[in-house]
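Colleague: kindly return the folded structure for what I paste below:
(2 chains)
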Number of protein chains: 2
Amino acid sequence: MRGVELSEEAAADALSGLRLPHDRDVVDAFARVWWTVLAEPGDGAAGDLVARFGPERALRIALAETDDEWSTARARWQPRVKPSAVRAALDAARRSGAALLIPSDPRWPRRLSDLGAHAPHALWMRGARGGLGEAPTVAIVGARAATPYGESVAAELGAELAAAGVVVVSGAAYGIDGAAHRAALSADGRTVAFLAGGVDRAYPRGHEALLSRIAASGAVLSETPCGTAPTKWRFLSRNRLIAALADAVIVVEAGHRSGSLNTAAHAATLGRALGAVPGPVTSAASAGSHRVLREFAGVCVTSAADVWEMLGENGGAAAGRAAPDRLEGGRTDDMTRLLDALSPRAGRDPGEIARRAGFSTGDAQSLLGLAELEGRVARGEDGLWRTLRERA
Amino acid sequence: MRGVELSEEAAADALSGLRLPHDRDVVDAFARVWWTVLAEPGDGAAGDLVARFGPERALRIALAETDDEWSTARARWQPRVKPSAVRAALDAARRSGAALLIPSDPRWPRRLSDLGAHAPHALWMRGARGGLGEAPTVAIVGARAATPYGESVAAELGAELAAAGVVVVSGAAYGIDGAAHRAALSADGRTVAFLAGGVDRAYPRGHEALLSRIAASGAVLSETPCGTAPTKWRFLSRNRLIAALADAVIVVEAGHRSGSLNTAAHAATLGRALGAVPGPVTSAASAGSHRVLREFAGVCVTSAADVWEMLGENGGAAAGRAAPDRLEGGRTDDMTRLLDALSPRAGRDPGEIARRAGFSTGDAQSLLGLAELEGRVARGEDGLWRTLRERA
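Modeller: Residues are numbered from 1 along each chain as shown, chains lettered A, B, ... in the order given. Okay, here's the model as predicted:
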């Protein structure tokens, strides 16, 4: 098959030292490595072919010399059939200590299958962490050209979420991404970086030490083979993996046409919870965040507690867990006091409610308006307020 | 009837000089004036009684000495039965040149009827403008303790909307309210202030000159009789009138428990479009705006063009009008270029689309993601993009 040797022996030999589980099908794994070399990330035709026929048979079809429905795609793939390129990628992986992950591997992040035909064929991982996507996972993404405001908010979110056991995933870029990773590390939390190029290449170069620290405590991942340079297309494709791995995607700062909006669009398509941190409307660095709020109906995120709430609402991995005390804040205290001052039977006027709850009448009135919107209280014909349902 | 003289002659005499239309029922009007003296704003029992029996008969029931379903409310109203108080209010109105508006008056703002039993019995108006609520009307509200950021955004919104023919309504307070009114005036636009006390009293005192300017080009309105001092309750009640008069309510800056949230709650209850201007999450002055975005699902407003879009979506008075050129901005230009580069038949890849549209491939990819979310384009099995529906 045009220089592609897929025997079990050849496959086992080629993949030695890449930390595959012993019971995995090495031919399947080796065929997947070939696919990561032949096809660009997110190539739907490649994904479709592999999904229908399995990676090995799909590879045979890809390399055939016939004229059928796959001919257009073949024209993209066949110029890349170079065994030396596969060998070089595998050698580079071994040198950098990268592991090869395939979908049948228990360490494979299950949530990536939500990408369907656009799921990656395989992943390369620096770091020893499996179970990706089992703990609640939040993507914190944003502009490289971040402001000090954006970086400090990203750092606060990253540190508080990581300290609460959330895995912080991002793209290791300068600006927001780096601030989020660094904060998670400084909180002794777990953080995961998805790269657009090979995991053996530090990109950006200035984040070489940061990437090593991420790998040491979490994971650095890529679907592109080792040695691959990042391109604009690969950055955009990488964004879908960040969105797919996360329960919630938070855009901290982003320009009007930032790549982070692409991550946000993937999150929306995948049904992931989506939020954005607002900023001044006069700041160009927040224009993209405001588009997420406005055009994608993103949740307005002002604190880690807001993100925690999103995880619960999304029914994701975090659902059912109680919010750690440190994230609860005082959000509901006022409402609790208000509801305690009401009764389902005896109607009360705002003055009396205010006295019972220890608010000014004005504050009580504001809270009554909120509670009414939430369907917890109602004002009767007599103008008096009552609670509507029993509280747990 | 306990000193309340409701003959047509007495009513006509009491109301002379208050600019009522000649063909109106003066007894109905005079009974309404009595109601504004007897009942606090938003008194649901008073609204209910008047809605069921008309103001005159409702007044007779209110003043009766019997024990029935209205007894609780009577205990509130009867201590206020003082003909001298009514005379003083009418004299103060005449001195300040205020007009009396009643629901049958063609100048009455129809939209206030959305308040049902909580609609005002009558309005007092300084200024000569009728037709309130006929032009698109936007409420710009917010904190007294505004920051320079908030005031400048309020001024920009007020000026641009007023210049485009939108009536800017607010509460004449220091901070955001004042900035919005002043900007509308400086753009030679129309602006309306709702006061919590009588229109003959400048509140706050420091806005005396501003209120005179508002009255000269628009209107200063209140449901409380002249001479009435504002109270916390009256401020909150006044907020429902601001929300009811507007097609859209925009909160510019507001603290976590600001009265502006009460206006926002009224807007949500009334089904008015509701938006908020974001700010830094580190600014306490924006905490309430962020609550509007988060808890009330308010629209993220970054410019007057955003507000204009809300007016269209809301199907309010502004629906069907074209946005003035100056408000359109460049929002859709990129999307138009993208869609022009696509075809419903011939599938194209992002590279070709980028070439045709003159974008980088990355920008084309971002826009394709947005367009996909909007249901305008789709990626086929072949990985190529096509437009989904014909554009107008």
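Colleague: gap between A:Glu208 and chain B?
Modeller: Using CB to the nearest CB, to the nearest Å, A:Glu208 is found at 24 Å from chain B. All C-beta spots, glycine's among them, are computed from the backbone N, C-alpha and C.
Colleague: whoops, I mixed them up, A:Ser186
Modeller: 20 Å.
Colleague: now A:His266
Modeller: For A:His266, the distance to chain B - CB to the nearest CB - is 7 Å.
Colleague: hmm, who's touching the strand or helix carrying that residue?
Modeller: Secondary-structure element containing A:His266, defined by DSSP states H and E: helix A:259-270. If you take CB atoms under 8 Å, 6 or more residues apart in numbering or on different chains as the criterion, helix A:259-270 is touched by A:114-115, A:139, A:141-143, A:176, A:235-236, A:239-240, A:242-244, A:246, A:248-249, A:251, A:254, A:273-274, A:276, A:288, A:291-292, A:296, A:298, B:362, B:365-366, B:369-370, B:372-373.
Colleague: and A:Tyr187, its phi and psi?
Modeller: For the record, residue A:187 is Ala, not Tyr. Dihedral angles of A:Ala187 (phi, psi; degrees, to the nearest 10) stand at phi -90, psi 10.
Colleague: just the one 10 residues further on next, same as before
Modeller: In terms of degrees, to the nearest 10, the main-chain angles of A:Gly197 are phi -120, psi -170.
Colleague: residues in contact with it?
Modeller: A:Gly197 neighbours (CB under 8 Å, 6+ apart): A:203, A:222, A:224, A:228-230, A:234.
Colleague: which ones among the contacts of helix A:259-270 are found in strands?
Modeller: A:139, A:141, A:248-249, A:251, A:273-274, A:276 (DSSP state E).
Colleague: among the residues you listed, which two are most distant?
Modeller: Between any two of these, the greatest separation by CB to CB is 13.6 Å, found for A:Val141 and A:Ala273.
Colleague: now the common contact residues for these two.
Modeller: In contact with both A:Val141 and A:Ala273: A:Val249, using CB under 8 Å, 6+ apart.
Colleague: in chain A, which helix is the longest?
Modeller: For chain A, the helix that runs over the most residues, judged by DSSP state H, is helix A:44-63.
Colleague: need the residues that contact it.
Modeller: So helix A:44-63 is contacted by A:1-2, A:4, A:6, A:27-28, A:31-32, A:34-35, A:38-39, A:70, A:72-74, A:77-78, A:81, A:116-119, A:121, B:379, B:381-383 (CB under 8 Å, 6+ apart).
Colleague: near chain B, which of the ones in strands among the contacts of helix A:259-270 show up?
Modeller: Of the residues in these, proximity to chain B by CB under 8 Å from any CB of the partner chain holds for none.
Colleague: between those, which is closest to chain B?
Modeller: Ranked by distance to chain B (CB to the nearest CB), those are led by A:Ala276 at 8.5 Å.
Colleague: that closest one against A:Ser289, yeah?
Modeller: Yes - counting by CB atoms under 8 Å, A:Ala276 touches A:Ser289, with 4.0 Å between them.
Colleague: shared neighbours, the two?
Modeller: A:251-252, A:254.
Colleague: out of those, grab the one that's most surrounded.
Modeller: A:Val252 (36 neighbours; other CB atoms under 10 Å in any protein chain shown).
Colleague: contacting residues for the residue lying closest to it once chain neighbours are set aside?
Modeller: Take A:Val252 and drop its neighbours on the chain: the residue closest to it by CB to CB, 6 or more residues apart in numbering or on different chains is A:Gly142, 4.0 Å away. Residues near A:Gly142 by CB under 8 Å, 6+ apart: A:150, A:154, A:175-177, A:251-254, A:258, A:260, A:289.
Colleague: looking at those, which gets the smallest pLDDT?
Modeller: In terms of pLDDT, the lowest of these is A:Ser258, showing 91.
Colleague: and it, how many neighbours does it have?
Modeller: The burial count for A:Ser258: 25, using other CB under 10 Å.
Colleague: is it true that it touches A:Gly288?
Modeller: Yes - with contact defined as CB under 8 Å, A:Ser258 reaches A:Gly288; the gap is 4.3 Å.
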